[in-house]
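**Student:** need a 3D model of the following:
(2 chains)
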Protein chains: 2
Amino acid sequence: MQKYVYMFQEGNKDMRELLGGKGANLAEMTRIGLPVPRGFTVTTEACTSYYENKENLPKEIEEEILDSLKSLEKLTGKSFGDPKNPLLVSVRSGARASMPGMMDTVLNLGLNDEVAKEFTITTNNKRFVYDSYRRFIQMYADVVKGYPKSSFERHIDEVKKEKGVSFDTELDALDMERITNDFKEIYKEIAHEDFPQDPKEQLLEAVRAVFRSWNNERAIYYRRMNDIPSSWGTAVNVQEMVYGNIGTTSGTGVAFTRNPATGEKKLYGEYLINAQGEDVVAGIRTPSPISKLAEDMPEVYKEFEELAQKLEDHYRDMQDMEFTIENGKLFMLQTRNGKRTAAAAIKIAVDLVREGKITEDDALLKVEPKQLDALLHPTFNEESLKKGTVLATGLAASPGAAAGHIYFTAKEATEANKNGEKVILVRLETSPEDIEGMNHSEGILTIRGGMTSHAAVVARGMGTCCVSGCGELTINEEEKWIKTKDGKVLHEKDAISLDGSTGKVYEGLIETEAPSISGDFETFMEWADQRRKLKVRANADNERDAMQAKKFGAEGIGLCRTEHMFFEKERIFNFRKMIMADTVEAREKALEAILPYQKEDFIALYKAMAPNPVVIRYLDPPLHEFLPHDDEEILELAKDLQVSVEELKNRIDSLKEFNPMMGHRGCRLAITYPEIARMQTRAVIEAAIEVMKEGYTITPEIMIPLVGSVKELTYVKEVVTKTADEIIKNAGVELSYEVGTMIEIPRAALIADELAKHADFFSFGTNDLTQMTFGFSRDDAGKFLNEYYAKQIFEQDPFARLDQEGVGQLVKMAAEKGRSTNPNISLGVCGEHGGDPSSIEFCHQVGLDYVSCSPFRVPIARLAAAQAAIREKENN
Amino acid sequence: MQKYVYMFQEGNKDMRELLGGKGANLAEMTRIGLPVPRGFTVTTEACTSYYENKENLPKEIEEEILDSLKSLEKLTGKSFGDPKNPLLVSVRSGARASMPGMMDTVLNLGLNDEVAKEFTITTNNKRFVYDSYRRFIQMYADVVKGYPKSSFERHIDEVKKEKGVSFDTELDALDMERITNDFKEIYKEIAHEDFPQDPKEQLLEAVRAVFRSWNNERAIYYRRMNDIPSSWGTAVNVQEMVYGNIGTTSGTGVAFTRNPATGEKKLYGEYLINAQGEDVVAGIRTPSPISKLAEDMPEVYKEFEELAQKLEDHYRDMQDMEFTIENGKLFMLQTRNGKRTAAAAIKIAVDLVREGKITEDDALLKVEPKQLDALLHPTFNEESLKKGTVLATGLAASPGAAAGHIYFTAKEATEANKNGEKVILVRLETSPEDIEGMNHSEGILTIRGGMTSHAAVVARGMGTCCVSGCGELTINEEEKWIKTKDGKVLHEKDAISLDGSTGKVYEGLIETEAPSISGDFETFMEWADQRRKLKVRANADNERDAMQAKKFGAEGIGLCRTEHMFFEKERIFNFRKMIMADTVEAREKALEAILPYQKEDFIALYKAMAPNPVVIRYLDPPLHEFLPHDDEEILELAKDLQVSVEELKNRIDSLKEFNPMMGHRGCRLAITYPEIARMQTRAVIEAAIEVMKEGYTITPEIMIPLVGSVKELTYVKEVVTKTADEIIKNAGVELSYEVGTMIEIPRAALIADELAKHADFFSFGTNDLTQMTFGFSRDDAGKFLNEYYAKQIFEQDPFARLDQEGVGQLVKMAAEKGRSTNPNISLGVCGEHGGDPSSIEFCHQVGLDYVSCSPFRVPIARLAAAQAAIREKENN
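**Tutor:** Got it, this is the predicted structure:
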């Protein structure tokens, strides 16, 4: 029979898939003798089974849970529901991958009226008992029943107001008893039934609720952001309660073995006296730094320090731990590899190698490639910063600098950002529902909450700048304003800037600058470069991006989109003239005027990137994209072009397309207007010859877009080679160049063996290939993709992460077919996926030669490529 | 060494690929002892070599030609360029497949001034010699040099006028000599050089010209229309001249062994005394019927009759022959299987079987499936057609002939027809709203749109004659007139006639003849049905089409597009209400109102088709297609829906898509609005139960469109089965139904093994699959496809003929993958390709179960499927 429940002493850290991360680590800590409250884990397979049974918990699993409960009673000597000696438990979710705050927790489960009453006598601590009971009711109502927390919180606020106190700790035993009774009333009012008194019912309901929470909206969103499959499910940990809220010799806290912001090797964290776990995270009271524990409880601190070191050595990584002190006794409630900033991640990885604890391979695998983003994002320009006015200072929760316009709800922040605005999200405190809005923000500012508050943890994970706990500011979320100590009021859309490394909040927009990179980073990236097999190129259309890319380690340009060059003011006019031309001659004349500009661009690119290769893609978008659409602009252009408005409008109309994505673009333009390809070839080759004469080495790679049949390629290729060879011959130089094709049309992948006979290289345009293979356009998919995520039709955005099952099949096929007829063909990927770690791993696996991505993603790609190579080695 | 030239005596009829059809048959006739003037054939491989050498004739081939010329001189005892005993030759093209009139011929080659002068003495027939010479100059100028024929023809006309005669035969020897001299002058004027006097130069130039003619515009067009690959090339036949223009005992003619219009077994043809070959075709003089030859030259006639019979028996098919009589001696210049009308084709095939000359298999292979179209549609009365004036020519979009009065709106067309008038609907282009009007029209004429435009597709489905994309006409829909290139204007109610098989638009009413299907047709189709393995279904959205389809032999409905049902007046309102609904409830209410209509439709379809299966495709097009777009209609709808115009406009705007083809449509609609799928399921199942209760047997097949991932299919399938099973259970009946999916997104083909686990059937939507695989939309491809054909990037329209190399690869892959996980899965094709013979052969080869096509194409599909099966048998 399948086993669905494991006691902590039965598991170990390698059982993460079955027990979830939290469960496996609780088992491991138990195994190596750490003080862990006893308990058991309901497996992720039970969760899968729950969903397979249409969200019902199979009888056999219920029974196994109740059996394990009996074992736990034996272990603890306490009984569930026994007023004399009650066993109380916490019920916590724990997935295979850490999903902090994404799912739910219920504490103090097992309490009911009778138990509570008797418990006040055995503990002789009525305040503690009713504080625990009221917390339980509130959490149960929220997590199990989905009733709004606010109904309960509002009531506590009223009681505090009535008593004239500020903190929960100032409420006494009678207050707590009264609050408990009131909570039961509130519960009954909402639920139309009494608060459940049967502890077993409470337990099974809570287990179901945790399973249910696996599919709540924020969990789905988090999984999508972090590539976690919904099929994994979550485990549930049922654990004997220990109490940080018994009194002043009790407390609870979280700590890291090293500083998660900088990587410094020093215990880092905070704790609260007389509190339960969620108080630290919720930021209701401001906790004390962990170092103060050495003063408050020196013995406990010493023990904790030792345990922390033991855990770090055991896991060979920086640990993030939760602990509770119950009447002076330390209990470990959780350990996991800690989230950290990119800078910290690099420093810790490199330090651990230096300390001889891990290998370079291990170090490379410890850093999430996407995190590097944070190292590469801007800091404030010194000069601009000097002129800045500080409005307030909060906690430096997540490093980086950000400038933008303030919004007070996640939704509005998201919308504004989608409309192209740079956004700072300002909240009293954030909650998991705010994830999407946080993701769309340059920076996050919270008024409450510490360094380990939700906002801080999540922002660090995202690599987004965050200032938390900025209590100097007053906020009114409903009326949408914040007020400084000096009475200055800022409203929605006003501009501020945040320094996540100092906690300072500035007025207005302060200029930002590219970051500088530490020595550890260089060391780390060198290790990566030694291991990776994939080359990394960058997508760059201009000199500046090319320089940036080279600085970040790009080994060439994988995609230069020539059309971007046409939009500059002086050029667009001639380009439009070209579009309006009636004859080949008129078109050639207009192109002649564009040629010098295009040549100039290429010269700059070659010089920036030499001696590395530069791939130049020929004109791709449909021509109508270059024409104006509103009346005023049309009038103006008609004047400039000396044609009638009617004529211009007719031309614009005649170019209109039903489905521009599938229209007259790419190589189809070069076939109908070979003169465009001729001009571009002249620019590419003449520029190369000039640069060569200055002593640079350069091999231009000419890329034909949107090819779907062999003759498209050979037709355009002949235009290119005829033009190029003539120029080279006339110049009397030796210049080699390559001609290749994009693989971005499904048919191109299907006939790649034939195409490869005529191509020096393939570059997979996975953006378009994804659109065509799925049959939806990025621009339109927005209308239904949210529904797709909600209904779990899709778990991932196929435009962000390469769909390996479908699109990947075409990529693999094309690579194999291409090499079968042209073993020397060079294969690369350009487009969004070239900077996505999981897609890069796929590219490594199918044996591509390089990926090309935006300059800021180059280091990410370098690391992801190295990780792919290391993992492959490990798997062989 | 490769052999590029074959003497006639070296070849035979099976060498068609190398020698071309004409060459192989000349060799065969030589071989079996028929009187054929001697000669040799330059192979199709020489043509290929010519193109591989960038349109240069390789030296070795030139030499081989001149060597063969020497052999010919030996055989004939005449010498090329020898004034005393000159060898004159004809140079004719001859491709593998017959391409009548598509390529070029030069006669009397070898003549020059000196030869002509001497020849007049040896032949003692000056008129004949100069008649031949002037013909040669004219043909050489036209074919080899590409100079306009008219310059020469105009001059003959002038001479005739001057002499006051009507026919060339009335010109005497001096006239001919004078004309010859004048022609040389005209040639020199255009060419800026003398007419070439070196016979060898003449010959090689002519060979090159024939090769060149393989890629002239009309040849490319003909190949595209007839699926002939450009890689085949043409052969060139060089043959000793025989003269039908020596005098009154000479002549030339063409004849068929049976009547090519009716199939009647009787020699049929015509001839001219004292003429050369092209005179018969050119129609300058009116030829005599072949039967008259029995009076003119009884001996020759008898010999010819015998030879004709011998050839028919030898080739076991009706022969189309060319012959020349030189001084009473008969020569055969060509024989080939004759082109024939559909009716003749069937009769000849069936007769030949009855005569014991061929097998039934042979008979089936003799009829071109596409020809059957002509049997199923009205045609013009021959006599009446001769008097017709062509106003314009468009695309032959849907076959048949129609005559009627023009109307410019669907509404007016409908009304006029209801009043008993025969109507031609004329539109810029049609849209789904025009369906009713199209239904009431004899024929449809559109100014825009291609072979797969809305008008073309719908008309073919209805079996209504249609000429689309007639850009020669200008239309003003508001003022209700069309204008021809010559400025002729036609208004509402003016009469025109359309030939949907040629694309011609005639002035006035031309008499039409109803199609008649003979007993031979029935016999023939029975033979086909006995052999084919593919089932043939029809695409039908209404009862009438279903009945028509069944009459033509359809074995089920392979595609019922439910959206067409929503456009009818009473329904569209509720459908629009559904689109405007803000809530699921409001949407369900509107759907409830549509349900009875939809149910009624299905009842009618089931009854028409029972017991054969009916495949019902769920709502496919994006919702905006159902909303009005001009202001007046919007105002009206807003009133009807009781919403503000602004609100309605906002909704219309919000539904707009950048690329509707790749937008919110197909199963994506059923996922965002499962209530639509629920309503459609109710209609499908409730209708089936009703029909079942009346004693019919019916298995509805529910088809989910546009599926690209497994979860899309399983999500919608669950909506369907849940609804269906409940209805069936409540009705207490036993009804089985199937749920399957379209394969029309490339990704669906790639993951077909996974999809097949959840699908009872796949139906390949090759229209969309072609669009997505090629990455261009039908609607937009028109902008560049003509250029593609001209530059031979494409030789075929991939929307008319399945692209086997690319799209076919996906079809094959999906079929194999699908069967690998679900061996019982049923596989079919719906869409345009289901009625295209070459695509049907492909479907047979990859082992599909059925094809589905428009009702009028069902007989074509039945024959094509039989031919595929026979060919497969023959190849094994």
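
**Student:** can you pull the contacts of A:Val423?
**Tutor:** With contact taken as C-beta atoms under 8 Å, 6 or more residues apart in numbering or on different chains, A:Val423 is in contact with A:Gly404, A:His405, A:Ile406, A:Tyr407, A:Ala413, A:Ala416, A:Asn417, A:His440, A:Ser441, A:Glu442. Quick note: C-beta positions are derived from backbone N, CA and C, even for glycine.

**Student:** next, count neighbours for the third one.
**Tutor:** Using other C-beta atoms under 10 Å in any protein chain shown, A:Ile406 has 24 other residues around it.

**Student:** SS state for it?
**Tutor:** When classified by DSSP: H, G, I helix; E, B strand; the rest coil, A:Ile406 comes out as strand.

**Student:** can you give me the distance of it to A:Leu395?
**Tutor:** The gap separating A:Ile406 from A:Leu395 is 18 Å, by C-beta to C-beta, to the nearest Å.

**Student:** quick one, grab the pLDDT at A:Met103.
**Tutor:** Per-residue confidence at A:Met103 stands at 65 (pLDDT).

**Student:** if you could redo that for A:Leu171, that was the one I meant.
**Tutor:** A:Leu171 is given a pLDDT of 89.

**Student:** with A:Ile228 instead?
**Tutor:** For A:Ile228, pLDDT reads 86.

**Student:** ok, A:Lys569 next?
**Tutor:** Taking A:Lys569 on its own, its pLDDT is 68.

**Student:** can you show me the strands along the stretch 751-876 of chain A?
**Tutor:** A:761-765, A:826-830, A:850-853 (DSSP state E, counting those that start in this stretch).

**Student:** now the first one and strand A:826-830, what's the angle there?
**Tutor:** It stands for strand A:761-765. 20 degrees (axes from the mean of the first three to the mean of the last three C-alpha atoms, to 10 degrees).

**Student:** please identify the buried residues of strand A:761-765?
**Tutor:** Neighbour counts using 16 or more other C-beta atoms under 10 Å in any protein chain shown place A:Phe761, A:Phe762, A:Ser763, A:Phe764, A:Gly765 of strand A:761-765 among the buried residues.

**Student:** what's the closest of these to chain B?
**Tutor:** Each of the buried residues of strand A:761-765 was scored against chain B by C-beta to the nearest C-beta, and A:Gly765 proved nearest at 10.5 Å.

**Student:** who does the closest one bridge with?
**Tutor:** A:Cys830 (DSSP bridges).

**Student:** what are the ranges of the strands in the stretch 201-350 of chain A?
**Tutor:** A:234-240, A:251-256, A:268-273, A:288-289, A:319-326, A:329-337.

**Student:** which of the ones you listed sits closest to B:Val457?
**Tutor:** Closest approach to B:Val457 among the strands of the stretch 201-350 of chain A is made by strand A:234-240 (51.6 Å; C-beta to C-beta).

**Student:** packing partners of the closest one?
**Tutor:** helix A:16-31, strand A:39-42, helix A:44-52, helix A:59-76, strand A:89-95, helix A:199-213 (3 or more C-beta pairs under 8 Å, 6 or more residues apart in numbering or on different chains; DSSP states H and E).

**Student:** between the ones you listed, which one is nearest to chain B?
**Tutor:** Closest among these, using C-beta to the nearest C-beta: helix A:44-52, at 13.6 Å.

**Student:** quick one: distance of the closest one to the chain centre.
**Tutor:** When distances are taken as C-alpha atoms, centre = their mean, to the nearest Å, helix A:44-52 is centred 27 Å away from the chain's centroid.

**Student:** quick one: it to helix A:16-31, angle?
**Tutor:** Using the same axes, to 10 degrees, helix A:44-52 lies at 140 degrees relative to helix A:16-31.

**Student:** so which strand or helix has the closest residue to A:Leu735 other than its chain neighbours?
**Tutor:** Leaving aside its chain neighbours, A:Leu735 sits nearest to A:Ile728 (5.2 Å; criterion: C-beta to C-beta, 6 or more residues apart in numbering or on different chains). Assessed by DSSP states H and E, A:Ile728 sits inside helix A:710-731.

**Student:** list the buried residues for the helix or strand following that helix?
**Tutor:** Downstream of helix A:710-731, the first helix or strand assigned by DSSP H and E is strand A:738-743. Within strand A:738-743, the residues that count as buried by 16+ other C-beta under 10 Å are A:Val739, A:Gly740, A:Thr741, A:Met742, A:Ile743.

**Student:** kindly reformat these as JSON lines containing pLDDT.
**Tutor:** What follows is those, written out as JSON lines (pLDDT from 0 to 100):
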{"residue": "A:Val739", "pLDDT": "98"}
{"residue": "A:Gly740", "pLDDT": "98"}
{"residue": "A:Thr741", "pLDDT": "98"}
{"residue": "A:Met742", "pLDDT": "97"}
{"residue": "A:Ile743", "pLDDT": "98"}
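
**Student:** and the residues you listed, which is closest to B:Ile186?
**Tutor:** A:Val739 (47.6 Å).

**Student:** quick revisit: the helices and strands packed on strand A:234-240: which one's closest to A:His192?
**Tutor:** helix A:199-213 (16.1 Å).

**Student:** and that closest one, what does it pack against?
**Tutor:** Packed next to helix A:199-213, using 3+ C-beta pairs under 8 Å, 6+ apart, are helix A:44-52, helix A:59-76, strand A:89-95, strand A:105-109, strand A:234-240.

**Student:** now the angle from that helix to helix A:44-52?
**Tutor:** 80 degrees.

**Student:** got the CA positions of helix A:199-213 in PDB?
**Tutor:** As requested, the backbone C-alpha atoms of helix A:199-213 are provided in PDB (Å, rounded to 0.1, in the frame of the first residue of the first chain):
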ATOM      1  CA  PRO A 199     -10.000  18.900  16.800                       C
ATOM      2  CA  LYS A 200      -9.900  16.000  14.300                       C
ATOM      3  CA  GLU A 201     -12.400  17.900  12.100                       C
ATOM      4  CA  GLN A 202     -10.200  21.000  12.500                       C
ATOM      5  CA  LEU A 203      -7.100  19.000  11.400                       C
ATOM      6  CA  LEU A 204      -8.600  17.300   8.400                       C
ATOM      7  CA  GLU A 205     -10.200  20.600   7.300                       C
ATOM      8  CA  ALA A 206      -6.800  22.300   7.700                       C
ATOM      9  CA  VAL A 207      -5.000  19.700   5.600                       C
ATOM     10  CA  ARG A 208      -7.600  20.100   2.900                       C
ATOM     11  CA  ALA A 209      -7.300  23.800   3.000                       C
ATOM     12  CA  VAL A 210      -3.500  23.600   2.600                       C
ATOM     13  CA  PHE A 211      -4.000  21.400  -0.500                       C
ATOM     14  CA  ARG A 212      -6.500  23.800  -1.800                       C
ATOM     15  CA  SER A 213      -4.100  26.700  -1.300                       C
END
